[in-house]
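Undergrad: Give me coordinates for this.
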Amino acid sequence: MEQLESEVPPLPPRFRFRDLLLGDQSFQNDDRVQVEFYVNENTFKERLKLFFIKNQRSSKCGEHLHMSLKWLFCYLPESILVTDNPGQGVNASHICIYYPLFWYVQVIVAIISFLETMLLMYLSYKGNIWEQIFQVSFLLEMINTVPFIITIFWPSIRNIFIPVFLNCWLAKCALENMINDVHRAIQRTNSAMFNQVLILICTLLCLVFTGTCGIQHLERAGKNLSLFNSFYFCIVTFSTVGFGDVTPRIWPSQLLVVIMICVALVVLPLQFEELIYLWMERQKSGGNYSRHRAQTEKHVVLCVSALKIDLLMDFLNEFYAHPRLQDYYVVILCPSEMDLQVRRVLQIPLWSQRVIYLQGSVLKDQDLLRAKMDDAEACFILSSRNEVDRMAADHQTILRAWAVKDFAPNCPLYVQILKPENKFHVKFADHVVCEEEFKYAMLALNCVCPATSTLVTLLVHTSRGREGQQSPEQWQRMYGCCSGNEVYHIRLCDSKFFGEYNGKSFTYASFHAHKKYGVCLIGIKSEDNKSILLNPGPRHIMAATDTCYYINITKEENSAFIFNQEERKGRPAGGIYDGPSQLPVHSIIASMGTVAMDLQNTSPPDVSGGKLVPPTVNGTGSRRPSIAPVQELADSASILPCDLLSDQSEDDSVFTDEKDHSSTEYVKGYPPNSPYIGSSPTLCHLLAEKAPFCCLRLDQGCRHNSFEDAKAYGFKNKLIIVSAETAGNGLYNFIVPLRAYYRPRKELNPIVLLLDNPPDNHFLEAICCFPMVYYMAGTIDNLDSLLQCGIIYADNLVVVDKESTMSAEEDYMADAKTIVNVQTMFRLFPSLSIITELTHPSNMRFMQFRAKDCYSLALSKLEKKERDKGSNLAFMFRLPFAAGRVFSISMLDTLLYQSFVKDYMILIARLLLGLDTTPGSGYLCAMKVTEEDLWISTYGRLFQKLCSSSAEIPIGIYRTESHIFSTSESQVSVSVDDCEDTKDRGDESRSNDQSDHPLLRKKSMQWARRLSKKSVRWQGVSRDSSKDHAQRIAQQRLNLYRRSEREELSELVRNRMRHLGLPTSGYDEQNDHQNTLSYVLINPSPDTRLELNDIVYLIRSDPLAHVPEVPPVHSSSLKERHESSIDTREDTQL
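TA: The predicted structure follows:
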């Protein structure tokens, strides 16, 4: 062993570190071995195979040569026989004798074909020689080439008959191979249908050609049929007509006909079966969008994971609602097979010529090539919101967006995402709509600005404002006409609406444009500042290069201006209107997308002291308060100081709780912990110190406080309760708008999150800095949970759609549980405002359902009529939607679709909802019209008052009217007659009441009378007093029954409250306010009368726009600013 150890060889030279440093390569060269790769391709056979088979260009040339030789083989003898006179008796076997040159050509072609066949046989040999010998193509080659080669050495058999016409089958095979090589070279994977059609056509031609030539050659021994007669016979035979005027006479030709018919019966059915199968598969997959059409026509691509009929119709109706998109094609790329409903819709001629359905995946370049994504004008990628796992649905959307961006980087992307935390992955897209961001922000604003969801939904839907114009109900006509308002844009220098206000203030331009033309100017975009600013305030001076954003029935380019004769003669050259104080009479005529505005001259009121002088009241010398005119340029004395930072609602910055007398300091700042990336920070009311996580639990006490229910906290304001399944990051957008800095501190509502699943610490860390935000575990179908979270002290209950219920066996049943639970709360807590989110908009007809309400039945009929007319907003007349009580996020899909034509719509919607805070841009808020404000009288005067005093821009009205909902048709007829009987008696009292309460006015009963015609016929023309008295008694009994049912429900709630140890005083004070209807009027005309309790939507200018950047102000300085500005504020309040 010792000897072996001593004989260990030294370290090889290549491992010596000294050699590596010195660069000694003498030893390494001795050990190097040269390795040659791909040596198998260096053999003679492999090189031939590479040239004739593997190489695409050379193999394609070989196929061209082979096919040309075969067609030449077929053409030469037949051309001689066609030109030959049959009387000379020249047969195919005698051609070589009479035409020796032709024999030389045929021999040369035969030798080349034989050598080519043998070469290909040698190259494709794989060990079984018999398999290659008995191939049909090899046998045909031998039959058509070997006899010609033999005649070289044996001249006496040159007149032998050789069926050279069989070369057509070899030419067919060569053509198939050539087409396959071409498709392989250009990588066309969808050529199976083309190949099969080509094979079928070639098979038919070869059968006819073989039969024609064979019969013609064989019949030369008998009747001497011409080539045309043989062709005629084959066509008649293969078409199964069989006239019998031309028939073969000798048995060889008859045998050939039998063989050809047998071959046709075997080959053709197989070819047709393959073709039908490929056609059916093509119908399922949708084929492809042709390159020629993509280069000559415009198209967009819609990418979805599962295409539902509602989503498809919403997209098509909104996309093709714009006139300039009528010539666009829509290519749908979906991985699933087209369902039956979608197939039926796409078979309608209106859509079949413009919509192309392709089954395929966005992640495959072949499918993107089929859709011609690189030539598309835009690509819409929609998420599958019905998935149980919404995070997985977002992941799929992100991959689709990445795939499209990688394949077609220049194609504009419109992406819909579900979760806000996934939004930054698709930030590169041109337009992104995050569903949960918009949903929660809209639901939050619904609590402080009623029916914000309805307002935004109507703004982002395309409509002409013709819905409900045939209805006898006045509110439906007004509501339907105002629903046609949308947001448009135009450059100031190109506009007739705003061109005359160049150099004027923004509020001046907004007021006078609304006064003259009925358009509402809401925002601008300067040339130097690319950001859109909503209501930048009076300090902004309009420039010719500004882009104006306004609300109107249609855009200015589709508007015509009509003046009367007096105005045409006396109108000055400076502008259409002479003086800012004239009030025109507006009549908006919407016809074929064109609005004709009739601007009539009216006598201006007397002006005294630069203010509108109101008329005298009751003949005395007293006058109403006047409204100051809107200044052309900003005046520092007339503009309110920016005192929202000081919050004049409180005398100091300390909020004192009534129960525990402990002080909680509020500050204004940016939330320190945002739960996701991609949202612009918003200045909010915050706690000076973060609340401990234990204090956020509403129903459990902790060492900091012992409160266990909402009553114990002693909140000053009504609660806002949010019922959700989980505390997702999107819920953060519900809290931020309600805690924004411009909300007065004393008007902040406590927020209670009623969650099915407890939140995680990450979410609690994000909300612990906000004041009066709590959570508790519970569900809305549990009465105890509702009572503990303080539902009887709540003003609004927001029910968010749950992810676990979005997927159901029957699609429209996904909302069943939510609808029934909300209906239960609707009956138990009648004064509670319940805002519900549904998965399917069509289910909103079940909200606040009254089974025997004829008014709801009439609304259902009206909805069906509007849908038959092609309206995109047929559901708008449903009372819960009109009042803003129900909302579906799918209705906001049109926001993404509209952004293709209006690229600013998403940004404007985000600014309205408070999702983005651009410096200098205003925000949406609301103002309630009280009795003290009714002296303003009209919406136009209110516009002037707001613009002149607080620089606020009104954009609409939320109106609530009292209404009696009948429960049967007989009740409708009774109420009609009662109204007519008491009409004369109530005229005097009604006229007196209307002067004090403008809301009370006579209701139209024609609609209800029309519904009750059938019941009136049964009751007869004359109705005696006894029958009328009996019906009144029946009505009273029904009211007593309803009251008793209401009392039973109230007693049930009280018992549960006593069981939980809660006081019942708050529930006893609730009243039934269900006999009202509410609706939204967007941009009403200036002469619209204001009514009591109207809520006006305002865009208030940014109070921080002109405040110098200073450190946060302490409470003492805030108080001083409040004292210095309170006098100015009092002078400008309505």
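
Undergrad: confidence score at Ile627?
TA: We have a pLDDT of 80 for Ile627.

Undergrad: Quick check: it touching Ile936?
TA: Yes. With contact defined as C-beta atoms under 8 Å, Ile627 reaches Ile936; the gap is 7.4 Å. Every C-beta, even on glycine, is put in place using the N, C-alpha and C of the backbone.

Undergrad: Now do the shared contacts for these two.
TA: Lys945 (C-beta atoms under 8 Å, 6 or more residues apart in numbering).

Undergrad: which strand in the chain runs the most residues?
TA: Criterion DSSP state E: the longest strand present in the chain is strand 953-962.

Undergrad: ok, it: who's next to it in the sheet?
TA: Applying DSSP bridges, strand 953-962 is found paired with strand 1076-1082 (antiparallel), strand 1095-1100 (antiparallel).

Undergrad: worst average pLDDT in these?
TA: Across those, strand 1076-1082 gives the lowest mean pLDDT, at a mean of 91.

Undergrad: How about that strand, which residues are buried there?
TA: 1077-1082 (16 or more other C-beta atoms under 10 Å).

Undergrad: so after the helix or strand containing Ile111, what's the next helix or strand?
TA: Assigned by DSSP states H and E, Ile111 belongs to helix 100-123. The first helix or strand that comes after helix 100-123 along the chain, using DSSP H and E, is helix 129-133.

Undergrad: Output the contacting helices and strands for that next one.
TA: Using 3 or more C-beta pairs under 8 Å, 6 or more residues apart in numbering; DSSP states H and E, no helix or strand is in contact with helix 129-133.

Undergrad: Report the next helix or strand after it in sequence order.
TA: By DSSP H and E, the next helix or strand past helix 129-133 is helix 136-153.

Undergrad: counting contacts, what elements does that following helix pack onto?
TA: Short answer (3+ C-beta pairs under 8 Å, 6+ apart): helix 136-153 packs on helix 100-123, helix 167-186.

Undergrad: among those helices, which is the most enclosed?
TA: helix 167-186 (a mean of 18; mean count of other C-beta atoms under 10 Å).

Undergrad: Could you tell me the angle between that one and helix 136-153?
TA: 130 degrees (axes from the mean of the first three to the mean of the last three C-alpha atoms, to 10 degrees).

Undergrad: by how many degrees do helix 167-186 and helix 100-123 diverge?
TA: Using the same axes, to 10 degrees: helix 167-186 against helix 100-123 is 50 degrees.

Undergrad: Just the residues contacting helix 167-186, thanks.
TA: So helix 167-186 is contacted by 56, 59-60, 63-64, 66-67, 70-71, 73-74, 136-137, 140-141, 144, 191, 194-195, 198-199, 202-203, 205-206, 209-210 (C-beta under 8 Å, 6+ apart).

Undergrad: quick one, what contacts Phe138?
TA: 117, 121, 132.

Undergrad: Which one of these is nearest to Asn229?
TA: Thr117 (34.5 Å; C-beta to C-beta).

Undergrad: is it true that the closest one touches Glu141?
TA: Yes. Shown here, Thr117 and Glu141 form a contact pair, counting by C-beta under 8 Å, at 4.5 Å.

Undergrad: and the helix or strand containing Lys515, how far out from the chain's middle?
TA: According to DSSP H and E, Lys515 maps onto helix 506-517. Its chain's average C-alpha position is 33 Å from that of helix 506-517, according to C-alpha atoms, centre = their mean, to the nearest Å.

Undergrad: got it, and stretch 372-390?
TA: The answer for stretch 372-390 is 9 Å, by C-alpha atoms, centre = their mean.

Undergrad: Going by neighbour count, list what's buried in that stretch.
TA: Per 16+ other C-beta under 10 Å, stretch 372-390 contains these buried residues: 372-373, 375-376, 378-387, 390.

Undergrad: Could I get the CA-only coordinates of it as PDB?
TA: Output in PDB follows, covering the C-alpha atoms of stretch 372-390 (Å, rounded to 0.1, in the frame of the first residue of the first chain):
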ATOM      1  CA  LYS A 372     -54.800  40.200 -37.200                       C
ATOM      2  CA  MET A 373     -54.000  41.800 -33.900                       C
ATOM      3  CA  ASP A 374     -51.100  43.800 -35.300                       C
ATOM      4  CA  ASP A 375     -53.500  45.600 -37.700                       C
ATOM      5  CA  ALA A 376     -56.300  46.200 -35.200                       C
ATOM      6  CA  GLU A 377     -57.400  49.700 -34.200                       C
ATOM      7  CA  ALA A 378     -57.800  48.600 -30.500                       C
ATOM      8  CA  CYS A 379     -57.900  45.600 -28.300                       C
ATOM      9  CA  PHE A 380     -60.400  45.300 -25.500                       C
ATOM     10  CA  ILE A 381     -59.500  42.700 -22.800                       C
ATOM     11  CA  LEU A 382     -62.300  42.100 -20.300                       C
ATOM     12  CA  SER A 383     -62.100  40.100 -17.100                       C
ATOM     13  CA  SER A 384     -64.500  37.300 -16.100                       C
ATOM     14  CA  ARG A 385     -66.300  38.800 -13.100                       C
ATOM     15  CA  ASN A 386     -68.400  35.700 -12.600                       C
ATOM     16  CA  GLU A 387     -65.300  33.700 -11.500                       C
ATOM     17  CA  VAL A 388     -65.300  32.600  -7.800                       C
ATOM     18  CA  ASP A 389     -61.600  33.400  -7.600                       C
ATOM     19  CA  ARG A 390     -61.400  36.900  -8.800                       C
END
